[in-house]
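Novice: can't give you the sequence, but here's the structure:
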């Protein structure tokens with residue numbers, strides 16, 4: 001049995017502890033310098049995980065931005081980008097979502113039985129690996145165990161807040177990186 005991945009939680013927040021606006025529209029808190037740090041973290045990871053609010057609200061690409069870092073990954077026999085991983089109660093992604101369509105990257109989605117069979121089939125037809133682990137919430141222990149089975153040794157978690165909180169509550173985080181903006 002492969003061990004669970006080493007989990008690095010990365011978060012950017014304001015000095016008063018905010019990670020987003022009240023409207024939850026993916027506030028840009030990081031600086032250019034911090035975005036470079038996050039890009040290096042992504043490039044050094046086997047997979048990058050986000051939660052459902054981030055997936056459906058922000059629809060991130062989750063790609064390594066630096067051509068040099070992509071080249072280094074390829075030179076080390078890795079794919080250009082780490083695996084994109086989402087944890088979402090109901091995986092109602094639009095077919096044109098950036099998460100699904102941008103960049104060469106393997107995609108894994110952990111969801112619950114609240115996602116319709118039709119949507120699961122549509123995602124699988126796009127070569128997305130979909131795992132149903134739970135009734136109302138995704139079983140994070142099972143999700144991390146599955147990531148270990150598929151070879152993920154180092155997992156970067158880019159939140160949001162709900163996923164971060166659950167991982168911390170369940171003592172599933174090995175390292176925390178915080179960028180704080182004044």
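Specialist: Sure, I can see it. Just so it is clear, the model here is predicted, and its values are computed rather than measured.

Novice: Pop out the phi and psi values for residue 127.
Specialist: The phi/psi pair for residue 127 (degrees, to the nearest 10) reads phi 70, psi 20.

Novice: quick one: contacts for it?
Specialist: With contacts defined as CB atoms under 8 Å, 6 or more residues apart in numbering, residue 127 is in contact with residue 107. C-beta: built from backbone N, CA, C; applies to glycine.

Novice: rerun at 10 Å
Specialist: 100, 106-107 (CB atoms under 10 Å, 6 or more residues apart in numbering).

Novice: Let's have these in a markdown table, adding secondary structure and distance to residue 49.
Specialist: Shown next, in a markdown table, are the contacts of residue 127 (DSSP: H, G, I helix; E, B strand; the rest coil; distance: CB to CB, whole Å):
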| residue | secondary structure | distance to residue 49 |
| --- | --- | --- |
| 100 | helix | 16 |
| 106 | coil | 13 |
| 107 | strand | 12 |
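
Novice: Between those, which sits nearest residue 5?
Specialist: residue 106 (14.5 Å; CB to CB).

Novice: Counting neighbours, what do you get for the closest residue to that closest one other than its chain neighbours?
Specialist: Closest residue to residue 106 apart from its sequence neighbours, by CB to CB, 6 or more residues apart in numbering: residue 83 at 4.6 Å. For residue 83, the count of nearby residues is 21 (other CB atoms under 10 Å).

Novice: In terms of secondary structure, what does the host helix or strand of residue 178 contact?
Specialist: Element membership for residue 178 (DSSP states H and E) is strand 175-181. Contact here means 3 or more CB pairs under 10 Å, 6 or more residues apart in numbering; DSSP states H and E; on that basis strand 175-181 packs against strand 6-14, helix 32-43, strand 154-157.

Novice: List just the one of those that sits closest to residue 122.
Specialist: strand 154-157 (25.9 Å).

Novice: which other residues reach that closest one?
Specialist: Residues outside strand 154-157 that contact it (CB under 10 Å, 6+ apart): 4-11, 38, 41-51, 62, 82-83, 85, 87, 143-144, 147-148, 163-164, 167, 172-177.

Novice: by how many degrees do the strand holding residue 178 and helix 32-43 diverge?
Specialist: 160 degrees (axes from the mean of the first three to the mean of the last three CA atoms, to 10 degrees).

Novice: partners of strand 175-181, with directions?
Specialist: strand 6-14 (parallel) (DSSP bridges).
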